[in-house]
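>>> this one's sequence-less:
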């Protein structure tokens, strides 16, 4: 349900990051920073913040697979209602581009389908390459299907080894990264463990998803190479239950539990070193949609203050992804709050309004 009319709406408030006055006029889904005649003031003395960003989300995935576009739309609505108005969809078996015409959905930036190998990732989630030397060619195909990103599975359980192991050789990864960059796309990699990280970083990937196996030398290289990290804190909380379900692979079980135990220290060290870190829930599989505020709060446990954690879930990832903020001509995606969320984090859970593409979500 939305509040929809053709009037120009006026929002007056303050920027929580700077405490400076902020006024926005919204018409036909976009923002004007200049006064518009006959505007209706619908918020006064509010706190205004750019729509939150979920930098790791899978609207096209749900338990059991077989997601329809309408089920994906319902998931997107849950995210939007919680304040997520930009989603980086890092892998989906469903093409969610039809949602782009729905102003009630967040904006999407996609990476096409996951790229993995047979029996080396979740079944039917992505493209399974029988010939790993085809990785670069598949990266080019998925770059064409996405919106500027490609997602590869960097490690997963190898049943012959009985533990997490890399899927690709260093030469295959180097060719894949080159193919993505030649196509004008950035490339990211799912990585839980440690063994795959050296080759991924050497190859020049643009981002690491999860990253629970990072060592101090890896963290230094992420900083040096400007490689981002999306730690998916609330997904990492599922590692113990994932381990519990893998009784056939005791080495893998022990590794997943150890990764869980060490994750907070690793992510805290990454934050302290200056790694670019962004909030991402990994919603769609084990994690439900609409939990971006949970992820923001989880990031504060790493040593982020609330200001910094909120920045990493709004302004910083919008700049990283090339999305609008609150400038003239930007898509009108923002939250209207009754208190400064940096001082009162609970304000994020009770927005006065969520404005998505100019529409006010009820």
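Yep, it's here. All figures in this text were calculated on a predicted structure; none of them were measured in a lab. Numbers count the residues shown, from 1 in each chain.

>>> C-alpha only now, for contacts and for neighbours.
Will do.

>>> ok, and residue 87, which helix or strand is that part of?
Under the criterion of DSSP states H and E, residue 87 resides in strand 84-89.

>>> could you measure residue 282 against residue 62, distance?
For residue 282, the distance to residue 62 equals 11 Å [CA to CA, to the nearest Å].

>>> So which of the two has more stuff around it?
Set residue 282 next to residue 62 and count neighbours by other CA atoms under 10 Å: residue 282 wins out with 30 against 21.

>>> where exactly do the strands run in the stretch 251-362 of the chain?
Using DSSP state E, counting those that start in this stretch, the strands found in the stretch 251-362 of the chain span residues 334-337, 353-356, 359-361.

>>> now the helices for the stretch 51-200 of the chain?
69-81, 135-145, 170-182, 197-203 (DSSP state H, counting those that start in this stretch).

>>> Save those as TSV, and put in mean pLDDT too.
Compiled in TSV, the helices of the stretch 51-200 of the chain are given as follows (pLDDT from 0 to 100):
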stretch	mean pLDDT
helix 69-81	97
helix 135-145	98
helix 170-182	98
helix 197-203	98
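
>>> Residue 303 is nearest to which of the ones you listed?
helix 197-203 (24.2 Å; CA to CA).

>>> Report the distance from the closest one to the chain centre.
The chain centroid and the centroid of helix 197-203 are separated by 21 Å, computed with CA atoms, centre = their mean, to the nearest Å.

>>> Buried residues in that helix, which are they?
Within helix 197-203, the residues that count as buried by 16 or more other CA atoms under 10 Å are 197, 199-201, 203.

>>> pLDDT at the most centrally placed residue in the chain, what is it?
Centroid-nearest residue in the chain, with CA atoms, centre = their mean: residue 55, separated by 1.3 Å. Looking at residue 55, its pLDDT reads 98.

>>> so what's it up against?
87-89, 230, 278-281, 317 (CA atoms under 8 Å, 6 or more residues apart in numbering).

>>> Tabulate those (CSV), appending pLDDT.
Putting these into CSV (pLDDT from 0 to 100) gives the following:
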residue, pLDDT
87, 98
88, 98
89, 98
230, 98
278, 98
279, 98
280, 98
281, 98
317, 98
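
>>> Only whichever of the residues you listed are buried, select them in PyMOL.
The following PyMOL line selects those of the contacts of residue 55 that are buried, judged by 16+ other CA under 10 Å:
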select buried, resi 87+88+89+230+278+279+280+281+317
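
>>> re earlier: tabulate the buried residues of helix 197-203 in TSV, adding columns for distance to residue 47.
Output for the buried residues of helix 197-203, formatted as TSV (distance: CA to CA, whole Å):
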residue	distance to residue 47
197	41
199	45
200	41
201	40
203	43
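
>>> and of these, the nearest to residue 297?
For the buried residues of helix 197-203, the minimum distance to residue 297 (CA to CA) is 27.3 Å, reached by residue 197.

>>> I'd say the closest one and residue 215 touch.
No. In this structure, residue 197 is not within contact of residue 215 by CA atoms under 8 Å, at 9.2 Å.

>>> hey, what's the closest residue to residue 255 other than its chain neighbours bridged with?
Excluding the flanking residues, the one nearest residue 255 by CA to CA, 6 or more residues apart in numbering is residue 163, at 7.6 Å. For residue 163, the beta-bridge partners under DSSP bridges are residue 158.

>>> I am finished for the moment; much appreciated.
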